[in-house]
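Undergrad: Any chance you could fold what I've pasted below:
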Amino acid sequence: MTKYQQDMRVETIYPIGSQYTLMQLTPADGSKLPLINPGQFVQVEISGSKTTMLRRPISVNDVDYNTNRLSLLIRKAGDGTRALCDSRVGQIINIVYPLGNGFPEEEIEGKRVLLIGGGVGVAPLLYYGRRLIWRGNDCAFLLGARSEKDLLLFNEFNAIAKVYTATEDGSAGTRGFVTDSPAMSENYDVWAVCGPMPMMKAVAALARKRGVECYVSLENMMACGVGACLCCVEKTIHGNQCVCTNGPVFNINELTW
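TA: From the prediction side, this is the model:
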């Protein structure tokens, strides 16, 4: 797949709570967005931080080809992402995209899919869910968080499919973790997961036990995004592989968890 280094203009940007920001970008030169697959990511140049030299990897949250906008859900995790969240409408941001290998689409045509996300890991599932529903798949979302106020983009998910929730304090949905949700006992053929590593490993273990086809999107630390720096290496049954190029999405049967 062709990769692009392109200046993007910030079309909209607004905070979600104190830790997250939703940003919409469009090509600054007026060109059309290229094909982007669900689960792929972008490497964003940080121009507003004196302490940040490397680009930051951000999952593609949504793509709207009608408005020619690409959405990113950003968590403030350090100087780089804080600077990015402080961007203003009209600002130009350079990105390299689309990177990595995404979630399966044609391979799971006709199957029932449960998309499971925790924290900022819900980000790539919105676009994935849209694409699957467009293809005719029966889908639902399962979102996990510490409390109701920490559930991200609930209305956006709820607008396109059924949403289950699980919160650690019981303020919304099932009390506990996503693995405690009754959604996990429903007859879904495929689980697609992104979130904290303990959550993904717990879901993967349950998928193996029940024989459910399962894909996870890993969030290993990345620097280059193109497989050169080797800092995102994950141990797989095929040997060590770079998450940024061989993933970030893997079938759990490829992993050594």
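Undergrad: then the helix or strand bottoming out on mean pLDDT in the chain to CSV, C-alphas only?
TA: For the chain, counting by mean pLDDT, DSSP states H and E, helix 79-85 ranks last in confidence among helices and strands (a mean of 92). Extracted in CSV, the C-alpha atoms of helix 79-85 (Å, rounded to 0.1, in the frame of the first residue of the first chain):
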residue,chain,number,x,y,z
ASP,A,79,5.0,16.4,26.0
GLY,A,80,4.4,15.3,22.4
THR,A,81,0.8,14.4,22.6
ARG,A,82,0.1,17.3,24.9
ALA,A,83,1.5,19.7,22.3
LEU,A,84,-0.6,17.9,19.7
CYS,A,85,-3.7,18.4,21.8
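Undergrad: That helix: which residues count as buried?
TA: Neighbour-count burial for helix 79-85 flags Gly80, Thr81, Arg82, Ala83, Leu84, Cys85 (criterion: 16 or more other CB atoms under 10 Å). For glycine as for every other residue, the C-beta is placed from the backbone atoms N, C-alpha and C.
Undergrad: Can you tell me what sits against that helix?
TA: 13, 15, 21, 23, 44, 46-49, 51-52, 54, 56, 74-76, 93 (CB atoms under 8 Å, 6 or more residues apart in numbering).
Undergrad: Which parts of the stretch 1-150 of the chain are strands?
TA: Along the stretch 1-150 of the chain, counting by DSSP state E, counting those that start in this stretch, strands occupy 4-16, 20-27, 41-44, 56-64, 69-75, 92-99, 112-118, 138-145.
Undergrad: Just put those strands in a markdown table and tack on mean neighbour count and mean pLDDT.
TA: Listed next are those as a markdown table, based on neighbours: other CB atoms under 10 Å; pLDDT from 0 to 100:
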| stretch | mean neighbour count | mean pLDDT |
| --- | --- | --- |
| strand 4-16 | 15 | 97 |
| strand 20-27 | 21 | 98 |
| strand 41-44 | 25 | 96 |
| strand 56-64 | 22 | 97 |
| strand 69-75 | 22 | 97 |
| strand 92-99 | 20 | 97 |
| strand 112-118 | 25 | 98 |
| strand 138-145 | 24 | 98 |
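Undergrad: what would those strands look like in CSV with distance to Leu33?
TA: Shown next, in CSV, are the strands of the stretch 1-150 of the chain (distance: least, CB to CB, whole Å):
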stretch, distance to Leu33
strand 4-16, 9
strand 20-27, 7
strand 41-44, 11
strand 56-64, 6
strand 69-75, 6
strand 92-99, 9
strand 112-118, 22
strand 138-145, 23
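Undergrad: Nearest to Tyr215 among these would be which one?
TA: Shortest distance between Tyr215 and those, using CB to CB, is found for strand 112-118: 9.6 Å.
Undergrad: for the closest one, the distance to its chain's centre please.
TA: Centre-to-centre, strand 112-118 and its host chain are 12 Å apart (CA atoms, centre = their mean, to the nearest Å).
Undergrad: pLDDT below threshold where in this structure?
TA: For the chain, applying pLDDT under 70 flags the ranges 48.
Undergrad: Outline the domain layout of it.
TA: Split into domains by automatic domain parsing, the chain comes to 4-99, 106-216.
Undergrad: Which among these is found nearest to Thr256?
TA: Using CB to CB, the domains of the chain put domain 106-216 closest to Thr256, at 11.1 Å.
Undergrad: right, so of the strands of the stretch 1-150 of the chain, which gets closest to Ser185?
TA: The closest of these to Ser185 is strand 112-118. By CB to CB, the value is 10.6 Å.
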